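A.B. asks: what follows is a predicted structure for the sequence shown.
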Amino acid sequence: MQSEPLIEAAGLSAGYGGTAAISGVEFSLAAGQTLALLGPNGGGKTTLLRAVLGELRPLAGTLRVGASCGTVPQTERSRLDYPVSALDVATMGTLSRLPWWRRPGRAEREAAARALGRVGLATLAGETFGRLSGGQRQRVLIARALVQDAGVLLLDEPFSGLDRPSAEGLEALIAELAAEGRGIAIATHDLEQARGCDLVLCINKRQVACGRPEQVLAEVGVLEATYGGAIVEIPGSGGRAILPPHHHHH
Amino acid sequence: MLEPLQEPFMQRALAEVVLVGAAGGALGCWVVFYGLSYAAESLAHSIFPGLVLAVIAGVPLLLGAAPAIVLAALAIALCARVAGIGREAAVAVVVTTMFGLGALLALSPRSPPGIESLLFGDVFGATDADLLAAAGLATLVAVALRLLHGRLLVAGFDRATARSLGVSPAFADAALLVLLAAGIVVAVQGLGNLLVVAVFVGPAAAARRLSDRMLPMMLLAAALAVLAGVGGLYLSYYAGTAGGASVALAIVAVYALSLPAARLRAGRARPPAPAADTVI
């Protein structure tokens, strides 16, 4: 690699209350790279993302994060009945730079409006967040991370619930943001999406495999070890897919 | 309409409901979105023993209410830590204990008459000190909500990612509870122990149906609370009904009227909602 990696983990264990939820995690993400994070629900994807965010200390090993991280959560996690516009949500990304007594002002709202333009939502800045489509909401949350000046974007299941055109549009946007020199980590269940990334990291309580998708996903036993029995052969195509997990809404 | 304004007690009562209504309406929007309505009701009931002791000792209600609310908040925090007791159960245990203690004190032969004004408020008996406290509350709420607006908005929107945006959800909760506690101990003079929660929940719940941005919602809730407060006082003046109860009923009426108003507004804004737009 030509430059220092944005994220570098070696022998990393992380978890809660001294108990490791993931162990043996070893990967590095460079500027411009996309990484697919594959694993079952409860397999430690969220734990790894929280460790990268600095919310959990490594229990063992090292984790170096050389850029600010912006999270793009699943939009169902946020409140759709909340009285905010798309611009309000994007503006939330400016708060970490402001002292606690300062409210976002004109400069902050302009930065947020530019970020909305960057993700193709300039005309919908004034729309209520909860009235946007799933794909549009996802873009607003990406804009919020861009406003944070995040060098690394952490996306949680960004394609779940999106129709084909929205998912393709989002994929193109993510590729553009990576090409601008950001590191992108995507937690996903979608093998097709994972194949399009530069790196695939499979975890199920421990690291199962990490490498280029064409190697990792072709390796015998990797998906079985990652997902247990939740793999199905797609009849007639010779391909395989992961049974979609049940989504729990809290 | 202007005749009641000649009366000094009515002037004071109006000042009281305008100040408390503006503060309670605006703060109430956050109470509603943070799911603190039950906490508001519980804190209000649990200050009863403090109010009774203040009457027995002959000191301003505020001096009894403030320590009682701190004690109740600490007791709830402690009880919630006992294994096997959930937060809700802890709140219920503390509130019934405190309210029972208050009733015990209130019903003792030595307690002075007029205890029922603690339960239902005495808005027409507002003193200069009460008005000063109400003005202080309105100022505190206005300043705090203005400073904290962005952070409260983030933590209420999505707690899980608030931290990555530089906002602590625990701080937001604590700030709101402190403001709410201050609001209750001040507003309890006019509306009473049992009715005070109305001003923090009713106008905000109504405004929520009529507005889809936070700031307009807060202004609308404040305006509705003031309107209901003034309306309640006039009702009380002309119909001879109890002051605090009239204000509380006027707040409920405002909420009831917001339901058809919201439907009218939705019908005008988006005539036929396309099926694809429905979010399940």
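C.D. replies: Arrived safely.
A.B. asks: off-centre distance for stretch A:58-72?
C.D. replies: With CA atoms, centre = their mean, to the nearest Å as the basis, stretch A:58-72 stands 13 Å off its chain's centre.
A.B. asks: cool, stretch A:152-169 as well?
C.D. replies: 9 Å.
A.B. asks: ditto for stretch B:225-242
C.D. replies: Relative to its chain's centre, stretch B:225-242 lies at 18 Å (CA atoms, centre = their mean).
A.B. asks: buried residues in it?
C.D. replies: When burial is assessed from 16 or more other CB atoms under 10 Å in any protein chain shown, stretch B:225-242 yields the following buried residues: B:225-237, B:242. Heads up, the C-betas are built off the backbone N, CA and C, glycines and all.
A.B. asks: B:Gly100 sits in which helix or strand?
C.D. replies: Using DSSP states H and E, B:Gly100 sits within helix B:87-106.
A.B. asks: tell me which of the buried residues of stretch B:225-242 is nearest to chain A?
C.D. replies: When the buried residues of stretch B:225-242 are ranked by distance to chain A (CB to the nearest CB), B:Ala225 comes first, at 17.5 Å.
A.B. asks: pretty sure the closest one is touching B:Val201, no?
C.D. replies: No. Proximity of B:Ala225 to B:Val201 does not meet the contact threshold set by CB atoms under 8 Å, at 10.4 Å.
A.B. asks: anything in contact with each of the two?
C.D. replies: The overlap between the contact sets of B:Ala225 and B:Val201 (CB atoms under 8 Å, 6 or more residues apart in numbering or on different chains) consists of B:Gly28.
A.B. asks: isn't B:Ala144 right next to B:Leu180, touching?
C.D. replies: No. Taking contact to mean CB under 8 Å, the distance of 11.1 Å between B:Ala144 and B:Leu180 leaves them out of contact.
A.B. asks: more neighbours, those two?
C.D. replies: B:Leu180 (25 against 17; other CB atoms under 10 Å in any protein chain shown).
A.B. asks: show the pLDDT at the residue nearest to that one when sequence neighbours are not counted.
C.D. replies: Distance criterion CB to CB, 6 or more residues apart in numbering or on different chains; nearest residue to B:Leu180, sequence neighbours excluded, is B:Ala40 at 5.7 Å. At B:Ala40, the pLDDT value in this model is 88.
A.B. asks: which residues does B:Ala40 contact?
C.D. replies: With the criterion set at CB under 8 Å, 6+ apart, B:Ala40 makes contact with B:Val31, B:Leu180, B:Ile184, B:Val197, B:Phe200, B:Val201.
A.B. asks: can you do 10 Å?
C.D. replies: Neighbouring residues of B:Ala40 by CB atoms under 10 Å, 6 or more residues apart in numbering or on different chains: B:24, B:27-28, B:31-32, B:176-177, B:180-181, B:183-184, B:196-201.
A.B. asks: list only buried entries from these.
C.D. replies: Of the members of these, the ones counted as buried by neighbours, 16+ other CB under 10 Å, are B:24, B:27-28, B:31-32, B:176-177, B:180-181, B:183-184, B:196-201.
A.B. asks: average pLDDT across the helix or strand B:Ala206 falls within?
C.D. replies: Secondary structure here is read from DSSP H and E; on that basis B:Ala206 sits in helix B:197-210. Per-region confidence: helix B:197-210 scores 95 on mean pLDDT.
A.B. asks: tell me where the stretch 1-150 of chain B has helices.
C.D. replies: In chain order, the stretch 1-150 of chain B shows helices spanning B:8-33, B:37-46, B:48-57, B:61-81, B:87-106, B:116-120, B:128-157, with DSSP state H, counting those that start in this stretch as the criterion.
A.B. asks: for the closest residue to chain A within the stretch 101-250 of chain B, which non-adjacent residue is closest in space?
C.D. replies: When CB to the nearest CB is the measure, the stretch 101-250 of chain B has its nearest residue to chain A at B:Gly166, with 3.0 Å between them. The spatial neighbour of B:Gly166 that comes closest, neighbours along the chain excluded (CB to CB, 6+ apart), is A:Ser96 at 3.0 Å.
A.B. asks: wait, isn't B:Ala26 in contact with B:Leu145?
C.D. replies: Yes. Taking CB atoms under 10 Å as the contact criterion, B:Ala26 and B:Leu145 are neighbours in contact, 6.1 Å apart.
A.B. asks: show the contacting residues for A:Gly24.
C.D. replies: By CB under 10 Å, 6+ apart, A:Gly24 lies in contact with A:Ala9, A:Ala10, A:Gly11, A:Leu12, A:Ser13, A:Ala60, A:Gly61, A:Ile203, A:Lys205, A:Arg206, A:Gln207, A:Val208.
A.B. asks: what do you get if the cut-off is 7 Å, keeping everything else the same?
C.D. replies: Residues counted as contacts of A:Gly24 (CB atoms under 7 Å, 6 or more residues apart in numbering or on different chains) are A:Gly11, A:Arg206, A:Gln207.
A.B. asks: ok, now A:Ala187?
C.D. replies: Residues near A:Ala187 by CB under 7 Å, 6+ apart: A:Leu37, A:Lys45, A:Leu49, A:Leu155, A:Asp156, A:Glu157.
A.B. asks: in strands only, show me the residues you listed.
C.D. replies: A:Leu37, A:Leu155, A:Asp156 (DSSP state E).
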